[in-house]
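Engineer: got a sequence here, can you build the structure:
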Amino acid sequence: MAERPGFFSTYQYPKGVFAIAAQEPRLNEAITAREVRLIGYDGEQMGICAIEEAQHVADNAGLDLVEIAPGAQPPVCRVMDYGKFKYEQTIKAKQARKNQSKIETKEMKFRPKIDVGDYTTKKKHVIRFLEAGNKVKITIMFRGREMAHPEQGLSILERLADDLKDLAVVEAQPKMEGRNMHMVIAPLPGTAKKKEKTAPKRGRNRNQNQGKEEQQNA
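Structural biologist: Prediction:
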């Protein structure tokens, strides 16, 4: 399979955002749909095409065709290096689970057509949750005709995954539940440690200030 830059970003490794099936997604010839909505390996929206054409695109790139949203009409497929992505996601997931105890799961909700300002604000909240050592459930809420374009929700998850690649790993692959699409991300070990290291410093500063005040009062 061809090498691709980076790995956490779903722009680069689509299954990782993004197999939207709870089970292993169908690959290549195992995909049974006659036509699919195709997403290129770089995140390009390539529109609806016959399954043969989609497989041809993947074969020419030396990559896999992965059915990431089997419940959509038509199903959404993406071109990616599935084996490499799955291996690297497994390694990161193990790192994220290591030495973790009593982790709370927070939730942040997005709309598929969210504007830049709201996205930035919500992303900051997600980062705060991760730095506190919490997992975060990301929910994309679809309404009305938005249900016909699940790729818009995927695109938000891809963007968020890329923005948080140094802080978190996708622990639960996205899946559709009714009108919502969910994905769970967990903080990498170093994310929570950054906060732990800064806490003692604040404590020392408070003690120093308290000591100064006692000297002045004396």
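Engineer: any idea how many residues pack against residue 90?
Structural biologist: Neighbours of residue 90 under the rule other C-beta atoms under 10 Å: 11. The C-beta positions use only the backbone N, C-alpha and C, and glycine is treated the same way.
Engineer: tell me how far it lies from residue 37.
Structural biologist: Distance check for residue 90 against residue 37: by C-beta to C-beta, to the nearest Å, it reads 27 Å.
Engineer: for this protein, what helix or strand is lowest in average pLDDT?
Structural biologist: Among the helices and strands of the chain, helix 189-217 carries the lowest confidence by mean pLDDT, DSSP states H and E, at a mean of 55.
Engineer: which pLDDT value goes with the residue nearest to the spatial centre of the chain?
Structural biologist: When C-alpha atoms, centre = their mean is applied to the chain, the residue found nearest the centroid is residue 161 (3.9 Å). Looking at residue 161, its pLDDT stands at 86.
Engineer: next: residue 10.
Structural biologist: For residue 10, pLDDT reads 35.
Engineer: okay, buried residues for stretch 50-64 please.
Structural biologist: Of the residues in stretch 50-64, 51, 54, 55, 57, 58, 61, 63, 64 count as buried by neighbour count, 16 or more other C-beta atoms under 10 Å.
Engineer: just the residues you listed: which are in helices?
Structural biologist: Secondary structure from DSSP state H places 51, 54, 55, 57, 58, 61 of those in helices.
Engineer: mind putting the residues you listed in a markdown table, pLDDT included?
Structural biologist: Listed next are these as a markdown table, based on pLDDT from 0 to 100:
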| residue | pLDDT |
| --- | --- |
| 51 | 95 |
| 54 | 95 |
| 55 | 96 |
| 57 | 95 |
| 58 | 94 |
| 61 | 93 |
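Engineer: now those in TSV, with distance to residue 127?
Structural biologist: Output for those, formatted as TSV (distance: C-beta to C-beta, whole Å):
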residue	distance to residue 127
51	39
54	36
55	39
57	35
58	34
61	33
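Engineer: for residue 111, state which of the buried residues of stretch 50-64 is nearest.
Structural biologist: residue 54 (28.1 Å; C-beta to C-beta).
Engineer: so what's that closest one up against?
Structural biologist: Residue 54 makes contact with 36, 38, 65, 77, 79 under the criterion C-beta atoms under 8 Å, 6 or more residues apart in numbering.
Engineer: and the helices in this structure?
Structural biologist: 51-61, 82-97, 116-131, 150-163, 189-217.
Engineer: how does this structure divide up, domain by domain?
Structural biologist: 14-84, 101-193 (automatic domain parsing).
Engineer: of all the contacts of residue 54, which two lie farthest apart?
Structural biologist: 36 and 79 (11.0 Å).
Engineer: residue 32 and residue 70 touch, don't they?
Structural biologist: No: using C-beta atoms under 8 Å, residue 32 makes no contact with residue 70, being 9.2 Å away.
Engineer: so those two - more neighbours on which side?
Structural biologist: With neighbours defined as other C-beta under 10 Å, residue 32 and residue 70 compare such that residue 70 has more, 21 against 10.
Engineer: that one against residue 26, yeah?
Structural biologist: Yes: with contact defined as C-beta under 8 Å, residue 70 counts as touching residue 26 (7.0 Å).
Engineer: distance of the residue nearest to residue 187 when sequence neighbours are not counted from residue 189?
Structural biologist: Of all residues not flanking residue 187 in the chain, residue 130 sits nearest, at 4.3 Å (C-beta to C-beta, 6 or more residues apart in numbering). Separation of residue 130 from residue 189 (C-beta to C-beta) stands at 12 Å.
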